[in-house]
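*Asks:* Predicted model, plus sequence, below.
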Amino acid sequence: MKSLVWVLGIGILIAFLQTTILSRINPPSIRPDLFIFLVVYLSMTQNTSRGGSLAWLLGLLKDCFAGVTFGLHGFAFVATFLLARLVVRQLNPESSLLLVLLVSCATAVENGLIALSLLMLADAGDGWRIVLQQIPAQVVVGALLSFLFLPFIRWGGRRARAASGPHLS
């Protein structure tokens, strides 16, 4: 229950940060998606059912603040969480390079899924092209910011693995 409150609290803080401060400072093409860091953190620290549920809730929270189709980011975050979870279970999550690569790939996957969803499901015109054009800049910004957040993600991952025992289920 504590992890649910902490993750949702941090998610609300991230939502406010992205919609108030970062929207005024950065142009949309290089605005970082801070929710991806939380989704990657969940893939390292939570089991599939709890982490998937939290990723879905974070996606719905982002949908509320972004003003887009409700459920769009929820779907993208759950799929991104599941793919990141597969990678984390197979590789060493203590590797710094892996974490940077994981955040970069998660950013690309999330944006690609959103573009695909907009292409198939929405009457958004060329909205999917705008999302696809922003993927390279988003990946670079995500990789650069992952170096900043790396100590926190690694600390949280080690702490959660120590609390859960020798392996994640």
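*Replies:* Cool, got the structure.
*Asks:* Where do the helices of the protein begin and end?
*Replies:* When secondary structure is read from DSSP state H, the chain shows helices at 2-16, 23-25, 35-45, 48-66, 72-90, 96-121, 127-164.
*Asks:* in the protein, which segments are predicted with low confidence?
*Replies:* Applying pLDDT under 70 to the chain flags the ranges 1, 28-29, 122-128, 153-169.
*Asks:* residue nearest the centroid of it?
*Replies:* Note on the chain: the residue nearest the mean C-alpha position is Ile36, at 1.8 Å, using CA atoms, centre = their mean.
*Asks:* just to revisit the earlier point, out of the helices of the chain, which one sits most buried?
*Replies:* Among the helices of the chain, the stretch with the highest mean neighbour count (mean count of other CB atoms under 10 Å) is helix 35-45, at a mean of 25. (C-beta placed from N, C-alpha, C; glycine too.)
*Asks:* now the angle from that one to helix 96-121?
*Replies:* For helix 35-45 against helix 96-121, the angle by axes from the mean of the first three to the mean of the last three CA atoms, to 10 degrees is 120 degrees.
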